[in-house]
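> Would you be able to build a 3D model of this:
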Amino acid sequence: MVFVATADADNRPDCSYKGGLPGFVRVLDEKTLVFPDYDGNGMYRSWGNLVVNPHIGLLFIDFENQTRLRVNGTARISDDDPVRSEYPGAVFIIRMTAEKIFPACPRYIHKMHLVEHSAYVPQANYTPPIPEWKKFDDFRDALPERDQADINNVSLEEKAAKP
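Next up, the predicted model:
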């Protein structure tokens, strides 16, 4: 997992959590990181900010070993990045150029252990479940096209299964 900080065109900050299976953030060379955007709530607050302000900060926290690492730089979004095919379920790829990489003081990190990976993380040969909130009538019209067919099919199946 990684915490992502971006800012909009007026330098108003936003911070979000991004998760995946171990190794979902990859180091390609001394200055280049890549990672996927997986389907989320469709607000694109973090990635929308990159369109107008490419500056980005990443904070990696290892709760088991109580360490953390900061990576600051610039990033861009691509839906045709060559590594996209290596990330099943990726909507697009974020490619980051690191300008500063440094450890941060770990003294206040709580020691925690991973219990299980999220069932929603995409992976090869696996279809994650549809989040319940996407099935709410109030949100259906706001969902991206890629979700519309899945939601409608599930709804029909759920309706057929009910007596």
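> For this protein, which element, helix or strand, carries the lowest mean pLDDT?
For the chain, the helix or strand with the lowest mean confidence is helix 145-161, at a mean of 61 (criterion: mean pLDDT, DSSP states H and E).
> which residues of this protein fall in strands?
For the chain, applying DSSP state E gives strands covering 2-7, 13-18, 26-27, 32-38, 55-62, 67-78, 90-103.
> Kindly report the domain assignment for this structure.
For the chain, automatic domain parsing gives the domain ranges 2-103, 132-161.
> Tell me which residue is most central in the chain.
Central residue check for the chain by Cα atoms, centre = their mean: the C-alpha nearest the mean position is that of Lys18, 3.8 Å away.
> Could I get the pLDDT score of that residue?
According to the prediction, Lys18 has pLDDT 95.
> can I assume it is in contact with Thr6?
No. Lys18 is beyond contact range of Thr6, at 11.3 Å (criterion: Cβ atoms under 8 Å). Every residue, glycine included, has its C-beta placed from N, CA and C.
> Identify the contacts common to those two.
Shared contacts of Lys18 and Thr6, defined by Cβ atoms under 8 Å, 6 or more residues apart in numbering, comprise Ser46.
> hmm, back to that, who does the residue nearest to the centre of the chain bridge with?
Per DSSP bridges, residues listed as beta-bridge partners of Lys18: Val2.
> now it: how far from Arg140?
Noted for Lys18: a distance of 25 Å to Arg140, by Cβ to Cβ, to the nearest Å.
> now swap in Glu86 and tell me
With distances taken as Cβ to Cβ, Glu86 is found 31 Å from Arg140.
> repeat for Asn125
Spatial separation of Asn125 from Arg140 under the definition Cβ to Cβ is 28 Å.
> what do you get for Ala90?
Taking Cβ to Cβ as the measure, Ala90 falls 24 Å from Arg140.
> which one of those two has more residues nearby?
The residue with more neighbours, out of Ala90 and Arg140 and counting by other Cβ atoms under 10 Å, is Ala90; that gives 21 against 14.
> Per-residue confidence, the nearest residue to that one once chain neighbours are set aside, what does it come out as?
Spatial nearest neighbour of Ala90, chain neighbours left out: Pro36 (3.5 Å); criterion: Cβ to Cβ, 6 or more residues apart in numbering. Pro36 is assigned a pLDDT of 97 by the prediction.
> cool, and the one 10 residues further on?
pLDDT, Ser46: 88.
> what sits against it?
For Ser46, the contacting residues are 4, 6, 14, 16, 18, by Cβ under 8 Å, 6+ apart.
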